[in-house]
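Asks: Give me a 3D structure for the following:
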Amino acid sequence: MDVTVHERPGPDRPRGERRKEGRPATVRLAVWSARRPWRALAGWLAFVVLCLGVGSALGTHKATPADYRVGEAGRAETLAAEGHLDHAAVEQVLISARSGPLDRAAAGAVVREITARMAKLPEVAGVAPPVRSADGQRLRVAVTMKGPEAEGKDHVAPLAAQTAAAQRGHPELRVEEVGGPSISVGLDTQRDQDLALSEALALPVTLLTLLAVFGSVLMAAVPLVLALTSIAAAMGLSMMVSHVLPDAGVGNNVIILIGMAVGVDYTLFYLKREREERARSGGRLGPEALVELAAATSGRAIVVSGFAVVVSTATLYLATDVVFSSLATSTVIVVLAAVLSSLTALPALLVVLARRAERRAVRRGQPTSRRRAADARAAGNGRVWTALLRPARTHPAATLCLSVLAMLALAAPALGMQLRVLNDDSHSREIPAMQAYDRLTGAFPDLRVQHQIVVRAPAGRSPEVAKALRTLSARAAADPLYAKGTDPRVRTSGDHRTTTMDLSTPHKVSSPEARASLDRLRTRYLPATVGQVPGARFAVSGDVAHDTDYLAHQDAKLPLVVGALLVLTLVMTALVFRSVVIGLLGALLNLLSAAAAFGLVVVFFQHGLASWLFGVDPAATQAIGSRVPLFLFVILFGLSMDYQVFVVSRIREEVLRGVAPRQAVLHGIRASAKVVTSAAAVMVTVFASYMFLHLAEMKQIGFSLAAAVLLDAFVIRTMILPSALTLLGRAAWWPSRPGAGVVPATEGAPLAARASAG
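Replies: Below you'll find the model as predicted:
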């Protein structure tokens, strides 16, 4: 980070005034906003409205099925699509008794009514004859929709309406509809409800936390308003960007999750410094000068911190996965929006509020000394943090060893982490379609999993391919891994070059048996049958294949993403603080924090403690969502950089003033303690609110982020970091030599007379 030494105030220069030449862009932007506060506020609000307006007009471009294709499963889906043999959208109408045996006459009447109703719909391509379950207690009617499976959820409402009408006419029976389209609609509805719930939980809890920090409704509203407007702008921008980088349906959840956290964080950093400078100046500086001082330090820290989050999150693009790209895009956009609001709207808002407070004080005839005292109390750090820092101050070596060992103990369970793609087995059973799915697959287990075999061969080999597939089906019929009594239908494209066949297995998608059936199909049955046809190429798709290939794809990309993240954050930290040691220390501490969070998420979710302690749906436990670790690793690195930049910047300021390294560490951490604690409290409450959502991955992400922030704020920043920096002394800043040759500044001198260190 660049260091600019400013002149001390002289007789012809007002105290606190800085030379304009050489000021960083962040300071110039803040000064412009402070001198023209109403223009700056109007400009920010116009930007937010413009983003929302343009975004709403363009709409959100959702990711298509082709965007999700990876591995062999993706190749199979591409081949099927090229041959126009995509899976059609199919809804199953399940008819069963509410209690006792099924009334066959009544069930037959429902079948006839459903068939007649569905056949009249323009969305329906055909209605199959009813199929009775093995125990004879349930009937199902398959309704095939027109168009590809991916578009089914957009046209399923009329079918659901006809099923509901049949149910009203036969209340003695249970008539329900389920299928891929209706499950997708149920998931989307629940996701929207979760989004509303997260807002309803996060806003009041954040406001209460900020009230406890500031003791003023007006000041508590400032971070909240800026965070909300940043989120609004980010949502509009994400709609626009989705036409270049498609949205995978998780964008708004991430924007709220990250936007509320960093938006409040950045505002707290700025407010804390502005209050400190106001208290230090004793009322001798005006609001504009105070904003300039805050911009020269915390403003630059916000920019560096935001840039760190953006750079670390951008490594997710290396995973070449539409979901990770969507997560990265949403995070980058909302962080940039939060940084922009902190550098423009926040300085303007602070000046407006300061002028308002001064006018009220003059009208009431109150001396400014009362406000100065309040500011001094707000800038104070209390005895709690002095006590918390005592172990690092008095016994740094022992504190460092014990703290690191404790974090490693928390991280140990992560070695047994089991990943899986969260699918129909793990979706919340509060969705009515999932309840119907369980009843359907319980009665018709052959509908649980279907492997789609796709073969591409010369047109003249089409009969040989069909014969080989029938041979494969006969072999599978004798294998307990596959469903019995089914007649797989072989379909051939119009050009006779593409052939498909679905093979069922009665096991759950995430079961070892389902995975074994896929492996046996790919490695034994297909090579021995279709593989013997000259010129034939084959691939297998389906839910199990997609999950298996996705995990393999992610495992292959993991070293690239993690390696790039470590290198980028290390280089960036080293450049910012001009210290290789600080860069290495930051990377190691971030790794330690992430590892401890992974260990806790394994204990709570994979081992089921969350189900017992918090009443979490068991479907969300027993395994960790495949996307959770990589997303968490990247986001935790970014969020940890927030604290790293802010805390180390304060320590470096003290070192630049000529303070001894040990005292600089303690002073710097004490100076940032209150705002770090407040920011951590806000982050934890926002992240913890996601534990109340239904989506299993969001539960796990929210819990682990909350746990990681707590550990980072109260263990890493109060125990490990100060102990390590105390033991390293001046070596911590190698190869630079901050503070060498600097005349120590007096305690009463304003910040403008000191080095600007960010």
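Asks: Apart from its chain neighbours, what residue comes closest to the residue most central in space within the chain?
Replies: Ranked by distance to the mean C-alpha position of the chain (CA atoms, centre = their mean), the top residue is residue 254 at 4.6 Å. Residue nearest to residue 254 in three dimensions, not counting chain neighbours: residue 330, with 4.2 Å by CB to CB, 6 or more residues apart in numbering. Backbone N, C-alpha and C define where each C-beta goes, glycine included.
Asks: Would you mind giving the domain segments of this structure?
Replies: Listed by automatic domain parsing, the domain ranges of the chain are 23-68+216-380, 82-186, 395-416+555-758, 432-548.
Asks: Between those, which one is closest to residue 386.
Replies: Among these, the nearest to residue 386 by CB to CB is domain 395-416+555-758 (7.0 Å).
Asks: In the stretch 151-300 of the chain, where is pLDDT below threshold?
Replies: Counting by pLDDT under 70, the stretch 151-300 of the chain shows low-confidence ranges at 283.
Asks: how about the helices in it?
Replies: 157-169, 180-214, 217-241, 251-281, 287-294, 300-314 (DSSP state H, counting those that start in this stretch).
Asks: cool, the stretch 1-150 of the chain as well?
Replies: Ranges of helices in the stretch 1-150 of the chain, per DSSP H, counting those that start in this stretch, are 25-35, 37-58, 71-82, 104-119.
Asks: I'd like those helices laid out as TSV, including mean pLDDT and distance to residue 148.
Replies: Converted to TSV, the helices of the stretch 1-150 of the chain look like this (pLDDT from 0 to 100; distance: least, CB to CB, whole Å):
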stretch	mean pLDDT	distance to residue 148
helix 25-35	85	49
helix 37-58	94	24
helix 71-82	91	8
helix 104-119	93	19
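Asks: Identify whichever of these lies nearest to residue 200.
Replies: Residue 200 lies closest, by CB to CB, to one member of these: helix 37-58, at 20.4 Å.
Asks: Show residues contacting that closest one.
Replies: The contact list for helix 37-58 (CB atoms under 8 Å, 6 or more residues apart in numbering) reads 32-34, 229, 232-240, 243, 340-341, 344-345, 347-349, 351-352.
Asks: Just the buried residues of that helix, please?
Replies: Residues of helix 37-58 classed as buried: 37, 40, 41, 44, 47, 48, 51, 52, 55 (neighbour count, 16 or more other CB atoms under 10 Å).
Asks: ok, now stretch 604-612?
Replies: Across stretch 604-612, burial judged by 16+ other CB under 10 Å covers 604, 605, 606, 610, 611.
Asks: same question, stretch 125-137
Replies: Using 16+ other CB under 10 Å as the test for burial, stretch 125-137 gives 127, 130, 132, 133, 137.
Asks: now stretch 394-413
Replies: Residues of stretch 394-413 classed as buried under the neighbour-count rule (16+ other CB under 10 Å) are 396, 399, 400, 403, 404, 407, 410, 411, 413.
Asks: Could you export those as a markdown table, including pLDDT, distance to residue 176 and secondary structure?
Replies: Formatted as a markdown table, the buried residues of stretch 394-413 follow (pLDDT from 0 to 100; distance: CB to CB, whole Å; DSSP: H, G, I helix; E, B strand; the rest coil):
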| residue | pLDDT | distance to residue 176 | secondary structure |
| --- | --- | --- | --- |
| 396 | 89 | 65 | helix |
| 399 | 92 | 60 | helix |
| 400 | 92 | 60 | helix |
| 403 | 93 | 55 | helix |
| 404 | 94 | 55 | helix |
| 407 | 94 | 49 | helix |
| 410 | 94 | 45 | helix |
| 411 | 93 | 45 | helix |
| 413 | 93 | 40 | helix |
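Asks: Give the residue spans of this structure that score low on pLDDT.
Replies: Applying pLDDT under 70 to the chain picks out residues 1-22, 283, 361-385, 611-622, 738-758.
Asks: so where do the strands sit in the stretch 401-550 of the chain?
Replies: Remark: strands assigned in the stretch 401-550 of the chain by DSSP state E, counting those that start in this stretch are 419-420, 449-456, 490-492, 498-505, 537-541.
Asks: Burial check on residue 508, number of neighbours?
Replies: Look at residue 508: counted by other CB atoms under 10 Å, it has 17 neighbours.
Asks: hang on, isn't it packed against residue 447?
Replies: No: the pair residue 508 / residue 447 is not scored as a contact, 11.6 Å apart, by CB atoms under 8 Å.
Asks: Return the distance of the residue nearest to residue 254 relative to residue 436.
Replies: 32 Å (CB to CB, to the nearest Å).
Asks: Same question for residue 249.
Replies: According to CB to CB, residue 249 stands 22 Å off from residue 436.
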